[in-house]
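Novice: structure of the sequence below:
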Amino acid sequence: MQIKDVLLAPGNGAFFYDDQAAIRAGATQDGFVYVGEPITPGLTSIRIPASSLSIGLVLPDEAVVWGDMMNVQYSGAGGRDPLFDTNQISNLTSRMVAPRLFDVDASRFRDSCTMVFEPVEHLRLPLAVEYGVSQALLRAAAYLQGKTMAEIICAEFDLPLPTCRVPIYCQSGDAREINVDKMILKAVDVLPHGLINSRRKFGVEGQTFMEFVKWVATRTRQIGHPGYHPVLHFDVYGWIGQEIGLEPQRIADFICKVADTVPDFTLNIEFPADFGSTQAQIENYAKIVSILDNWGSSARIVVDERCNTLEDIRLFAEAKAAHLVQIKTPDVGSIADTARAVLICKENKVGAYVGGSCTETDLSAQASVHVSVATQADMMLAKPGMGVDEAFSIVGNEQSRLLAMLNRRRAETENVG
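Specialist: Residues are numbered from 1 along each chain as shown. Next up, the predicted model:
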């Protein structure tokens with residue numbers, strides 16, 4: 001099952017690459033752009049359009065399967081790979097990756113990934129390359145075996161065919177109030193992200209943030225259908241630590257205070273503080289988790305920054321340094337490692353959230369759905385982009401179609417049995 005040819009096609013990500021350091025330092029917005037000089041190396045301005053690179057694998061019958069490479073919105077921040085450079089990635093893929101692809105059996109997903117992603121001169125390939133190429137290899141194996149991508153993951157990781165849908169989490173972007181209304185009307189499982197990425201949005205002592213949390217809960221009751229009860233999930237971009245201080249006890253106190261304002265809801269707080277390194281993040285997040293658990297709080301800590309690769313995820317999960325780990329798919333690299341990451345979280349009884357970035361594409365989002373459903377993650381991100389409608393449609397519809405196919409497959413197996 002050899003690959004006959006490799007195609008490359010430059011494309012767009014669904015949002016923008018942003019300079020997190022400059023935004024955190026107080027860069028102001030003028031319309032949709034940020035005013036000021038960039039801080040993060042590689043960025044020529046604080047906000048630039050996201051780019052991507054598609055890789056197509058030409059199979060023996062001339063069918064072409066695709067995957068998309070890109071980096072996350074805040075490239076270069078929190079230990080992540082630098083800004084995505086389409087020309088550089090294209091040259092590297094043509095020189096180093098394409099020749100390896102011609103030597104694999106494309107029907108064997110994990111074996112193909114292992115061979116193609118061997119280090120080059122002791123250096124790992126860019127994670128964006130692993131991510132896009134692994135999507136294409138997963139699609140190739142599914143096509144050649146006449147199965148869904150989820151079934152390939154189940155077979156290669158010895159998992160049962162899933163029966164349950166994975167809850168979907170939407171993010172609001174800056175159009176927060178309008179997008180919250182959209183999420184509520186569409187009965188999204190987990191909402192709203194909130195983009196609390198500046199002092200203005202967090203407020204003195206977190207007052208602005210707390211008012212927003214209460215507003216979301218109230219709005220859910222006002223316009224949501226009877227019985228609708230979403231999880232409230234807010235990404236605060238380290239601002240609790242920035243504003244309140246980096247003492248775990250004080251951070252836990254603040255989170256409990258927020259949770260007490262919405263007692264009828266489960267509250268997820270993502271990236272409460274940045275402690276400066278992966279090890280410091282693990283040690284201090286573990287303390288915050290322990291304090292919240294000992295108090296019996298319903299609030300849950302979600303780790304994002306400084307938890308990028310599969311090994312990072314393993315360290316956080318084993319240390320119980322989060323209630324929920326965001327598996328940020330382009331930062332993890334190979335989509336096989338996303339599957340492994342979910343299983344590591346489950347082994348350690350830590351929640352697994354298959355996330356990613358608004359900079360992704362329809363193809364990467366659909367592949368992520370298959371891995372999320374196959375491994376039965378605790379939740380998955382509606383992506384790409386910062387609009388609710390498109391991302392919720394892409395991820396939600398792909399999951400619905402997938403479950404319909406798996407139900408048919410299961411019925412066929414039972415009839416044969």
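Novice: so which helix or strand takes in T44?
Specialist: T44 is part of no helix or strand when elements are defined by DSSP states H and E.
Novice: who are the contact partners of the closest residue to K4 other than its chain neighbours?
Specialist: Leaving aside its chain neighbours, K4 sits nearest to V58 (4.5 Å; criterion: Cβ to Cβ, 6 or more residues apart in numbering). For glycine as for every other residue, the C-beta is placed from the backbone atoms N, C-alpha and C. With contacts defined as Cβ atoms under 8 Å, 6 or more residues apart in numbering, V58 is in contact with 3-7, 64.
Novice: run the last query once more with 7 Å
Specialist: Residues near V58 by Cβ atoms under 7 Å, 6 or more residues apart in numbering: 3-5, 7, 64.
Novice: which of the residues you listed lies closest to E305?
Specialist: Closest approach to E305 among those (Cβ to Cβ): L7, at 34.7 Å.
Novice: quick check: mean pLDDT of the single longest strand found in the chain?
Specialist: The residue-count maximum for a strand in the chain (DSSP state E) belongs to strand 5-18. The pLDDT scores in strand 5-18 average 96.
Novice: what packs against it?
Specialist: Counting contacts by 3 or more Cβ pairs under 7 Å, 6 or more residues apart in numbering; DSSP states H and E, strand 5-18 is packed against strand 47-58.
Novice: quick one: buried residues of the strand it packs on?
Specialist: 47-48, 50-57 (16 or more other Cβ atoms under 10 Å).
Novice: which residues touch the residue nearest to L127 when sequence neighbours are not counted?
Specialist: Of all residues not flanking L127 in the chain, G333 sits nearest, at 4.0 Å (Cβ to Cβ, 6+ apart). Going by Cβ under 7 Å, 6+ apart, G333 touches 127, 130-131, 309.
Novice: quick check: the farthest pair among these?
Specialist: Using Cβ to Cβ, these reach their maximum pairwise distance at Y131 and T309, which is 12.0 Å.
Novice: pick out whichever of the two has more residues nearby.
Specialist: More crowded of Y131 and T309, by other Cβ atoms under 10 Å: Y131, with 28 against 19.
Novice: A strand includes the more buried one, no?
Specialist: No: secondary structure of Y131 (DSSP: H, G, I helix; E, B strand; the rest coil): helix, not part of a strand.
Novice: wait, isn't it in contact with V72?
Specialist: No: using Cβ atoms under 7 Å, Y131 is not in contact with V72; the gap is 10.1 Å.
Novice: quickly list what's touching both of the two.
Specialist: With Cβ under 7 Å, 6+ apart, Y131 and V72 have common neighbours P330.
Novice: ok, which stretches of the stretch 201-350 of the chain are strands?
Specialist: Taking DSSP state E, counting those that start in this stretch, the strands of the stretch 201-350 of the chain run over residues 231-235, 267-270, 299-303, 324-327.
Novice: dump these to CSV, plus distance to E118.
Specialist: Below are these laid out as CSV (distance: least, Cβ to Cβ, whole Å):
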stretch, distance to E118
strand 231-235, 35
strand 267-270, 34
strand 299-303, 29
strand 324-327, 23
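Novice: most packed of these?
Specialist: For those, the largest average neighbour count (mean count of other Cβ atoms under 10 Å) is found in strand 324-327, namely a mean of 27.
Novice: strands paired with that one, and their directions?
Specialist: Next to strand 324-327 in the sheet, as set by DSSP bridges, lie strand 299-303 (parallel), strand 351-354 (parallel).
Novice: mind putting these into a markdown table with distance to L315 and mean pLDDT?
Specialist: Below are the strands paired with strand 324-327 laid out as a markdown table (distance: least, Cβ to Cβ, whole Å; pLDDT from 0 to 100):
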| stretch | distance to L315 | mean pLDDT |
| --- | --- | --- |
| strand 299-303 | 10 | 98 |
| strand 351-354 | 15 | 98 |
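Novice: can you list those strands in TSV and add distance to K201?
Specialist: Shown next, in TSV, are those (distance: least, Cβ to Cβ, whole Å):
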stretch	distance to K201
strand 299-303	18
strand 351-354	22
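Novice: so which of those gets nearest K186?
Specialist: Closest to K186 of the strands paired with strand 324-327 is strand 351-354 (Cβ to Cβ; 19.5 Å).
Novice: in the closest one, what's buried?
Specialist: 351-354.
Novice: show me which of the residues you listed is closest to G36.
Specialist: For those, the residue nearest G36 by Cβ to Cβ is Y353; the value is 32.1 Å.
Novice: so the closest one is in contact with S372, correct?
Specialist: No: Y353 is beyond contact range of S372, at 9.2 Å (criterion: Cβ under 7 Å).
Novice: which ones are touching the residue lying closest to T44 once chain neighbours are set aside?
Specialist: Distance criterion Cβ to Cβ, 6+ apart; nearest residue to T44, sequence neighbours excluded, is P38 at 6.7 Å. By Cβ under 7 Å, 6+ apart, the residues touching P38 are 19, 22, 44-46.
Novice: how far away is P38 from A50?
Specialist: Shown here: P38 relative to A50, a distance of 15 Å by Cβ to Cβ, to the nearest Å.
Novice: picking that back up, closest to T278 out of the strands of the stretch 201-350 of the chain?
Specialist: strand 299-303 (10.1 Å).
Novice: quick one: residues contacting the closest residue to P263 other than its chain neighbours.
Specialist: Once flanking residues are discounted, P263 sits nearest to S298: 7.9 Å by Cβ to Cβ, 6+ apart. For S298, the contact set (Cβ under 7 Å, 6+ apart) comprises 259, 266-267.
Novice: still on that earlier bit, just curious, which of the contacts of G333 is nearest to M405?
Specialist: Out of the contacts of G333, the member with the shortest distance to M405 (by Cβ to Cβ) is Y131, at 24.2 Å.
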